[in-house]
Structure formats: structure tokens, C-alpha cells
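In: heads up, no residue letters with this:
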């Protein structure tokens, strides 16, 4: 007889409220925006939560800051480490700098210069590795062994999920009459936190995920009930090329009504429309919810819908609608 | 003996306050934004007034709306006409639609499709002409003769200037401790309104204009005291290729401390920095004040400075930092 695996821990609404208090001195309460011409395009009333205007340009500042400030003094003194070269890496470096503790960010030796700069600017140390998942995890373990640093996973972490959920708390304060909320889904930290925060605040609200059709692992995992691998990584929404973990899958199965899929063409179109009509800069991942609405893979006609714009870190020299 | 020419009429602070009441139902009270990393670049504390988020994507909605709603019923019934194919044309079309009166916009027959679409979307009628100033004015006069429509000039108009000044009123409400305000200068409507509103609210404040070095007519006019022509039109800040008129020159000479000049390179750099750091979309003209600060042609070191971001209507398929 084997013991049943314990269900992975998830934050509740109260933990997200506590996270909000904890991170408030270090992150922005981002504004919400509306756009009548986009409402007309999709036949719904949209309220955009602008996490592209968040510190480090993405919602990831919330989860990382919550994880860093939830450490006790002894843990914190040893520092933190992660293996995300994207927004989470920059966010963890940012949060560690706020607390005045060391941070190590493991990234592949072919990581773009701009991502290296984002991490170094915050004062974190980069540890390079070969560009494989195995090398990344091995290097992370090595840093932990050498330094005692605490690993802060980009999404498989209760405190990170609680932090990401704070965006939805604020959104529902600014727009309490929402019928639904949509967030993009990669590893599932944002969507998990959004679901727990939204339904904990307003039980009847519907929460949707939005994912590129070219990286539909969350869609398949949501249906099968187990973590499905990403089969391709050909989407321009580079933040969403990550599989779920059992923790985020559990939260999403418990609190999400459906996951919509968006074509690459619709993602580019939604991204460009956001630049043109709303005059704000978003990264491709942020455009996936609107892309699902444009293609009708999520049906919210006539509803009042919150849309989490997850970030704005995009290579402006190579925007995807340009030849 | 000849009679001295009457000084052209200018709005006072009270007229700008009245304009604000008049236009409030139809235009956004735009947000202000700050950005610590840009503060560090220029050594000042900047507060950006985001008119790129205004209706029709530019501050021009303010002046046109004030002019249209200041008309009496009889005047209004005949409609309005202008000869700007840019933001003012779209703004006048927008304002006329709000009041439910006809609008004619005269534009050269080679005007970009997107500018035509912006005007038609608001329900205005386009009248095409040859791409010269003379043809434009002749066609405008023809529309006036045919229809009795009232000409609403893009900047040589007391009510338009009063409307443009409302942005500075709001800015000073949100940031009452400003030491200085900077606005870009083309025909001078925005800078005139900004100077009257700012100094009428806070007499000690310094108001600066910002202009491309490649279209330095306002700089030269400010110095000489007469309206100097634009000698070249090679700047990417296409909204600023217009000479002043005696009315705006008078306001600027009375209320502006200095006009800074920016190189094309600095304008592109400032525009890109605004996209990257602030995650907002601005047009080249909006980047000229920040460009002057980056180049040091306006000295505001250590001060708290309001910067009017005039608009966000830019061709996203051809951003100027791209090859």
C-alpha cells in the first residue's frame, strides 16, 4: 500500500489578501483601462488590467515580491535563486533588491543581451548554463548547494501564485460588476491566482484562460486532468510556452470555466489593435485573451469582462506585424 | 497714418476653466504617469500628461471640442470645416459628431488612407484638393461659401487655444508642485494654451516649448518677435512642421521662458525610450520635450517637470528606429 500523494498546497482568498498587503510598498497598483472601439470589435464591455505598466513591465513582480517578502529573516539572508530568464527572473532580481538580499538567476548562455541586462540592472548575479531544462535545473541546484539560496519557482509556488492573484483583487475593486475575467495561461501561476482571487471575491464570476493554439498544453491538461507536455513551441507568445504543474492544474480545474485557444494571426492582430487603439505597449502573451475574443473561442458576448494584460516587455525592433 | 493692428484675442485662465467645463462630457480626463528610470536619465522628476490616451489619440480633441461647443445654435447648424488632414481634422470630425452637426475636412488628394479613414469614421465629409497651401485654403473657402460652415483653424483660434490649455489645468491639479511644464510647439496652440493655463494657475511656474531643430521656426520667431517661416520640413515630428501665427506668437512671447531644440536622433531615442520604459505608444511630436531634456537644450535639472505627451497616432508598421 502506498500513501496517496498529498494535494499540492494552494493559497486561499485570505492568503491573496495578505500578499496584497505585503507587496503593496514595492509594486504598482496598476490602472485599468477601457476602449470603446475594442468593445465594439468583440461585442462585450472590456476592462483591461494594465500589468504591462507594473514594475519590471509584467505581473511577475507581484508573485516574486510576495515570495521574497514571505521568507523569514534567516531564509532571506541566504538569498534566492530561479531559472527563468524571462520576466520572472527580472522580477525576482527586483524583489531581492528591494529586500536587500542576494539573488541568482540561472539562464542559458544564449539568452538575449536585453534579458541579461534586465537582471543585472537589479543587481542580481547571472549563472549561465547550457540551454536545456536539465542543465538549468542542475545549475539551480548547484547554486542552492553552494549558497543555501531559496529556490523561487516561476509558478509552482504557493506564495508566487498568491502574489499573482493580487492583480485580480485590484481589478475587481475597480470594476466590481465584472461577469468574467480572462488571463493568459503559460505555467498557470497567473491564471491560478486569478481564479482563486476572483471566485473568492465574487463566487458567481466566470474565469477563463487564454492560450495560443500552437502551445495548447493547458487546454489539453484541463480536459485530461493531468499535466500534458507542450508539444510545439512555435508561438510568438513566448511567455506561454510552459507546461502547467500539478499545483496550477489543480487550481485551474477547480476554478476555471474554460480555456480558449488563439491562432498566431489573431494574437498578432490583437496585439496590434491594442497598440493602435489603446496606445499601450504589450507583449504577445498579453494579446492572447483579446485574440480569443476576436476569434470567438471564448464566448463573452454582452458581458462585462476583465482582461489581464500580463506584460509589456517586447522587442520593439521586431514587432510581429512587420515584414 | 495707419491704424495699429489690433492684438489678436487670446483666452485667459478663466476662459480655459470655462472650456474645461464645456468639453468635460466629451473628452477624457487623461491620466498622468511617472517613470523613475526616465527621471534618472534626465536628472529631474517628470510627470507625463498622457494626451496620447485622449479621444482620437491626441490633445487636439480638446480644442476642437471647445470650438464646436462654443458655437451658438445658428452657427452650429451650418457645420464646421477645417483643412488639417492630421489630428485636428480627426478631432474636428469627432467634435462635430458629438454635437450632431456636419463637418467638412479638406485634405490633399495624396493624404494617407489611414488619415482619410480616421475622418470618415467620425462621419465627416472629406473634400480633396491639390497638396499646396493655396489649394487647401481655396477649397476651404469654397466649402464655407457653399455651406456657411464655420472655419475652425487648427491653432489660430481663441477657443481652440483655450481647449488645448485644459490639459495643463488638469496636469497642475494632479501635480500641483510642478516647477515647470514643457509642451511641443508646432503652430503653437498647445504651447499657448499651456502657458496661459499654467501661469494663470501658478504664476511662478516656468513654461517651455520643445521643437525639432529641423523645424526651428518657433525658436527663431520667439527670438525675432515675428512669425518666421518653416525653412525645412525634414523632421519626423510631422505634427510640428507648422509655423506659428501672430496670435500664438503673442501668447508664447508673453508666457514661455524658452524654446528647446531637439535633434532627429534624440527624438527617435526619446520616442523609443517612452515605448520601452513607460510601455505607451506616442507619436514623434510627443517625444520632442523628452528629447530636449536628453540633449540638455532645456535645463530642468533637479526640478519637478510636467511633460505634455501630445498624441499617439503613429504608423506602427514603420517605427523610426527600425531599419
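Out: In hand now; what should we look at? This is a predicted model, so every value here is computed, not measured.
In: low pLDDT regions in chain A?
Out: Applying pLDDT under 70 to chain A flags residues A:1-5, A:323.
In: Leaving out the residues flanking it, which one is nearest to the most centrally placed residue in it?
Out: In chain A, the centroid-proximal residue (C-alpha atoms, centre = their mean) is residue A:190; its distance is 4.2 Å. Leaving aside its sequence neighbours, residue A:190 sits nearest to residue A:164 (C-beta to C-beta, 6 or more residues apart in numbering or on different chains; 4.6 Å). Placement of C-beta: from N, CA and C, glycine included.
In: Same question for residue A:16.
Out: Residue A:16 sits nearest to residue A:165 (C-beta to C-beta, 6+ apart), 4.1 Å away.
In: separation between that neighbour and residue A:120?
Out: Distance of residue A:165 to residue A:120, given as C-beta to C-beta, to the nearest Å: 29 Å.
In: tell me the contacts of residue A:59?
Out: A:51, A:164, A:167, A:190, A:308, A:310-311 (C-beta atoms under 8 Å, 6 or more residues apart in numbering or on different chains).
In: So which of those residues sit within helices?
Out: Of the positions in the contacts of residue A:59, A:164, A:167, A:190 sit in helices, assigned by DSSP state H.
In: now residue A:279: how far from residue A:322?
Out: From residue A:279 to residue A:322 the distance is 18 Å (C-beta to C-beta).
In: Between those two, which has more neighbouring residues?
Out: residue A:279 (25 against 12; other C-beta atoms under 10 Å in any protein chain shown).
In: right, and that one touches residue B:278 too?
Out: No - using C-beta atoms under 8 Å, residue A:279 makes no contact with residue B:278, being 10.9 Å away.
In: can you tell me which residues contact the nearest residue to residue A:96 once chain neighbours are set aside?
Out: In this structure, residue A:96 finds its nearest non-sequential neighbour in residue A:103, 3.5 Å apart by C-beta to C-beta, 6+ apart. For residue A:103, the contacting residues are A:79-82, A:92-93, A:95-97, A:122-125, A:149, by C-beta under 8 Å, 6+ apart.
In: Distance of residue A:103 relative to chain B?
Out: As judged by C-beta to the nearest C-beta, to the nearest Å, residue A:103 and chain B stand 19 Å apart.
In: same thing with residue A:188?
Out: 24 Å.
In: cool, and residue A:184?
Out: 17 Å.
In: What is the burial count for the closest residue to chain B within the stretch 51-200 of chain A?
Out: Among the residues of the stretch 51-200 of chain A, residue A:52 lies closest to chain B, at 4.7 Å counting by C-beta to the nearest C-beta. Residues near residue A:52, counting by other C-beta under 10 Å, number 25.
In: give the contact list for it.
Out: A:58, A:280-283, A:286, A:309-312, B:279.
In: Tell me where the stretch 51-200 of chain A has helices.
Out: Here the stretch 51-200 of chain A has its helices, by DSSP state H, counting those that start in this stretch, at A:60-70, A:73-78, A:87-99, A:113-121, A:133-147, A:158-174, A:189-201.
In: Could you list everything residue A:128 pairs with in the sheet?
Out: Judged by DSSP bridges, the bridge partners of residue A:128 are residue A:107.
In: I figured it hits residue A:104, correct?
Out: No - if you go by C-beta under 8 Å, residue A:128 and residue A:104 don't touch, sitting 11.1 Å apart.
In: Pick out whichever of those two has more residues nearby.
Out: residue A:104 (27 against 16).
In: in terms of contact, does that one touch residue A:149 like I think?
Out: Yes - Residue A:104 is within contact range of residue A:149, at 5.9 Å (criterion: C-beta under 8 Å).
In: what do the two both touch?
Out: A:79-81, A:143.
In: Please produce a markdown table containing those, extended by distance to chain B.
Out: Output for the shared contacts of residue A:104 and residue A:149, formatted as a markdown table (distance: C-beta to the nearest C-beta, whole Å):
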| residue | distance to chain B |
| --- | --- |
| A:79 | 24 |
| A:80 | 23 |
| A:81 | 25 |
| A:143 | 28 |
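In: residues in the stretch 1-150 of chain A within reach of chain B, list them.
Out: A:31, A:33, A:52-53, A:57 (C-beta under 8 Å from any C-beta of the partner chain).
In: just the buried members of those?
Out: With neighbours counted by 16 or more other C-beta atoms under 10 Å in any protein chain shown, the residues of the stretch 1-150 of chain A next to chain B contain buried members at A:33, A:52-53, A:57.
In: coming back round to it: redo the helices of the stretch 51-200 of chain A as TSV? Include distance to residue B:155.
Out: As requested, the helices of the stretch 51-200 of chain A are exported to TSV (distance: least, C-beta to C-beta, whole Å):
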stretch	distance to residue B:155
helix A:60-70	42
helix A:73-78	58
helix A:87-99	43
helix A:113-121	40
helix A:133-147	58
helix A:158-174	37
helix A:189-201	46
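In: returning to that earlier point: can you flag the buried ones in the contacts of residue A:52?
Out: A:58, A:280-283, A:286, A:309-312, B:279.
In: Please enumerate the strands of the stretch 201-323 of chain A.
Out: For the stretch 201-323 of chain A, applying DSSP state E, counting those that start in this stretch gives strands covering A:206-212, A:258-262, A:304-309.
In: Could you tell me which strands sit next to the second one in the sheet, and their orientation?
Out: Strand partners for strand A:258-262, identified by DSSP bridges, are recorded as strand A:206-212 (parallel).
In: which residues touch the strand it pairs with?
Out: A:179-185, A:191, A:194-195, A:198-199, A:217-219, A:222, A:235-237, A:240, A:252, A:255-264, A:267, A:288-289, A:291-292, A:298, A:300.
In: Please check the residues you listed and keep the buried ones.
Out: Buried among the contacts of strand A:206-212 (16+ other C-beta under 10 Å): A:179-185, A:191, A:194-195, A:198-199, A:217-219, A:222, A:235-237, A:240, A:252, A:255-256, A:258-264, A:267, A:288-289, A:291-292, A:298, A:300.
In: For the residue in the stretch 151-300 of chain A positioned nearest to chain B, which residues are in contact?
Out: Using C-beta to the nearest C-beta, the single residue of the stretch 151-300 of chain A nearest to chain B is residue A:279, 3.7 Å away. Listed by C-beta under 8 Å, 6+ apart, the contact set of residue A:279 reads B:52-53, B:57, B:280-282, B:312.
In: can you list the domains in chain A?
Out: A:13-59+A:157-309, A:61-151 (automatic domain parsing).
In: winner for burial among those?
Out: domain A:13-59+A:157-309 (a mean of 22; mean count of other C-beta atoms under 10 Å in any protein chain shown).
In: ok now that one, how far from the chain's centre?
Out: Centroid separation for domain A:13-59+A:157-309 versus its chain: 8 Å, with C-alpha atoms, centre = their mean, to the nearest Å.
In: So the nearest residue to residue A:142 once chain neighbours are set aside versus residue B:306, what's the distance?
Out: Counting by C-beta to C-beta, 6+ apart, residue A:127 is the residue found nearest to residue A:142 once chain neighbours are left out, at 7.9 Å. Per C-beta to C-beta, residue A:127 is found 44 Å from residue B:306.
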